[in-house]
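1. I'd like to go over a predicted model; first the sequence, then the structure.
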Amino acid sequence: MKILHASDLHYSPGNLDEADRCFGHAVEQAIVNDVAVAMLTGDLTDHALDGHSPALLALAKRIKQLADHCPVFLLQGTFSHEPVGLLKMLEMIGANHPIVVSDKIGMIGLADGKWLDYDPTYADVQYDLVITSVPTVNKAELALVVGADNASVEMGNHLAALLGLFGPANAALRRRGVPTVLASHGTVDGSLNESGVPMAGMDHEFSLGALFSANTSATMLGHIHMHQQWTREHDGRMQRIAYPGSIGRYHYGELGEKYCLIWEVSADTADFTLVQTPSKRMIEIAFEGIPNLDELATVAEQCRGAFVRVRYSVDEEFARTIDRQAIKQILGASAEVKIEGEVLTIQRQRCAGISSLSSVEERFIKWCEFTQTPTSGLAERLSQLQTMAPEDIASAFNSTNKRPGQSAPDPSGPPANTRHSETEFEDQIV
């Protein structure tokens, strides 16, 4: 069976252009490739949307376009992105094929073009596809059982046990030649987020072993915005797990291209083809210090039509020297220029008791101790600064640091404040 798999559409007023362009491309590719089913694995919206919102209306139109071609399966995603019940209104869209929203754990079958709750006792039903559905799980409910402190860790353990319970049912479907899919929304331990950071810890929902234990041919996931996949050959069968990643690019620093997947799933095999979406280009340029306008000018053509973020970090005294208008002018051909600066403030530490000391020498020694600065020779130099004229200090320095074989300065020679050549000065410093 050929299946379209897309996820993390994140429709919202701010994301509308990006989401609709990329998801529209996915819908068109689903129609061109004549998929039999479309599966969207969560986070269709970015947050709660009003019923008359242009973003929600655009999403509904795309879902109808897809459902006019084939049956559509929608999975409940993160509650902060998709408030409970938001997706249910999409089931009411009138289209050529049915739309089902899965917001509870269970098994859903597709038979004769209709969605049915899977019941293994109905042996006469000829299922074309059976989906094991594990939508986003509410950790608050688990916290009532195991306690708030243990909920995050125990979530993975409970889901692993649950997925194992679906194994026998999916094994029986395999023997009947029925393609099987596990659809879920969450984090696989060890996966990478969109910035390439490993998601490692005890509080993630899934391990690879737990997902494979459900015994489905394909596992279609949502939530992580970077495409990645895992495979296992087991018992004469190829099992595959994959995130398509977000349909569009919504944040600076996201790595890789954006995709939807077109799967080919049977009772014994699962494979997919990557379909790249027309996501926007985002470029990040970072400076340690004041932005170099000449360097920006050399990359301005590469940034044409792209969304550009310029980042810099400067010391507090240089913050007013940043010419933000010049940066925007140089990158004027970009679709958007976002400038983010970090001002490094001067950090001061209080040296307790220093103000109670009466002499400068005592305060200086106290400062050296506080800052762990060696005091050898510094006290004497401080005394010289307080008691001697600059010319006398320079004369004494020249006499002390003269080179071997060099005679002392001639008292009748040039005065002590006569400037020496740069070479002589460098020799003295050495």
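-> Thanks, I have it.
2. Identify the bridge partners of residue 272.
-> residue 263 (DSSP bridges).
3. Near residue 239, how many other residues are there?
-> By the criterion of other C-beta atoms under 10 Å, residue 239 has 23 neighbours. To be clear about C-beta, it is placed using only N, CA and C from the backbone, and glycine gets the same treatment.
4. so where does it fall, helix or strand?
-> Element membership of residue 239 [criterion: DSSP states H and E] is strand 237-243.
5. What score does residue 119 have for pLDDT?
-> On pLDDT, residue 119 comes in at 85.
6. I meant to write residue 234 there.
-> pLDDT, read off for residue 234, is 86.
7. Now do the same for residue 60: helix, strand or coil?
-> helix (DSSP: H, G, I helix; E, B strand; the rest coil).
8. which regions of the stretch 151-300 of the chain sit below the pLDDT cut-off?
-> 152, 201-204 (pLDDT under 70).
9. Which parts of it are strands?
-> Under the criterion DSSP state E, counting those that start in this stretch, the stretch 151-300 of the chain contains strands at 180-185, 191-192, 198-199, 218-222, 228-234, 237-243, 259-265, 270-276, 282-288.
10. got it, and the stretch 301-430 of the chain?
-> 307-315, 336-344.
11. got the ones you listed as TSV, with mean neighbour count columns?
-> Putting the strands of the stretch 301-430 of the chain into TSV (neighbours: other C-beta atoms under 10 Å) gives the following:
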stretch	mean neighbour count
strand 307-315	19
strand 336-344	14
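12. got the buried residues for the strand holding residue 239?
-> In terms of neighbour count (16 or more other C-beta atoms under 10 Å), strand 237-243 has its buried residues at 239, 240, 241, 242, 243.
13. ok, for the third one, nearest residue in space, not its chain neighbours?
-> In this case it means residue 241. Distances taken as C-beta to C-beta, 6 or more residues apart in numbering place residue 219 nearest to residue 241, at 4.1 Å, with adjacent residues excluded.
14. Tell me how far the one you found lies from residue 97.
-> Going from residue 219 to residue 97 by C-beta to C-beta, to the nearest Å gives 24 Å.
15. One more: residue 218?
-> 21 Å.
16. more crowded one of these two?
-> Neighbours were counted for residue 218 and for residue 97 using other C-beta under 10 Å; residue 218 has more, 28 against 16.
17. From what I see, residue 322 and residue 341 are in contact.
-> Yes: using C-beta atoms under 8 Å, residue 322 makes contact with residue 341 at a distance of 6.3 Å.
18. Common neighbours of those two, please.
-> 312, 314 (C-beta atoms under 8 Å, 6 or more residues apart in numbering).
19. Show me what the lengthiest helix in the chain is packed against.
-> Longest helix in the chain by number of residues (criterion: DSSP state H): helix 151-175. Where contact means 3 or more C-beta pairs under 8 Å, 6 or more residues apart in numbering; DSSP states H and E, helix 151-175 is packed against strand 129-134, helix 139-146, strand 180-185, helix 208-213.
20. And that helix, how far out from the chain middle?
-> 29 Å (C-alpha atoms, centre = their mean, to the nearest Å).
21. That one to strand 180-185, inter-axis angle?
-> 160 degrees (axes from the mean of the first three to the mean of the last three C-alpha atoms, to 10 degrees).
22. Give me the buried stretch members for helix 151-175, please.
-> 151-152, 154-156, 159-160, 162-163, 166, 169-170, 173-174.
23. and what of stretch 386-401?
-> Neighbour-count burial for stretch 386-401 [16+ other C-beta under 10 Å]: 394, 395, 398.
24. same check, this time on stretch 363-375
-> Quick answer for stretch 363-375 (16+ other C-beta under 10 Å): 363, 364, 365, 366.
25. Stretch 258-273 now?
-> 258-267, 270-272.
26. sorry, back to before: switch the strands of the stretch 151-300 of the chain over to CSV; also include distance to residue 303.
-> CSV is the format used below for those (distance: least, C-beta to C-beta, whole Å):
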stretch, distance to residue 303
strand 180-185, 35
strand 191-192, 26
strand 198-199, 30
strand 218-222, 31
strand 228-234, 28
strand 237-243, 29
strand 259-265, 24
strand 270-276, 21
strand 282-288, 6
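27. of all the helices and strands packed on helix 151-175, which lies closest to residue 50?
-> strand 180-185 (23.7 Å; C-beta to C-beta).
28. what number of residues lie near residue 251?
-> So residue 251, with other C-beta under 10 Å, has 10 neighbours.
29. Also residue 228?
-> Neighbour number of residue 228 under other C-beta under 10 Å is 16.
30. Tell me who's in contact with residue 104.
-> By C-beta under 8 Å, 6+ apart, the neighbours of residue 104 are 133, 135.
31. again with residue 226
-> So residue 226 contacts 191, 192, 193, 194, 196, 243, 245, 254, 255, 256 (C-beta under 8 Å, 6+ apart).
32. repeat that for 10 Å
-> Applying C-beta atoms under 10 Å, 6 or more residues apart in numbering, we find residue 226 in contact with 191-197, 243-246, 254-259.
33. Buried ones from these, can you make that a PyMOL selection?
-> Applied in PyMOL, the following selects the buried portion of these according to 16+ other C-beta under 10 Å:
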select buried, resi 191+192+194+243+244+245+246+254+258+259
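34. that older thread, surely the residue nearest to residue 241 and residue 188 touch.
-> Yes: with contact defined as C-beta atoms under 10 Å, residue 219 counts as touching residue 188 (9.3 Å).
35. dump the residue contacts of the nearest residue to residue 244 once chain neighbours are set aside.
-> Excluding the flanking residues, the one nearest residue 244 by C-beta to C-beta, 6+ apart is residue 261, at 4.7 Å. Neighbouring residues of residue 261 by C-beta under 10 Å, 6+ apart: 3-7, 26, 39, 218, 220, 227, 229, 242-245, 271-275.
36. cool, and residue 192?
-> So, once contact is read as C-beta under 10 Å, 6+ apart, residue 192 ends up touching 198, 199, 224, 225, 226, 227, 228, 243, 255, 256.
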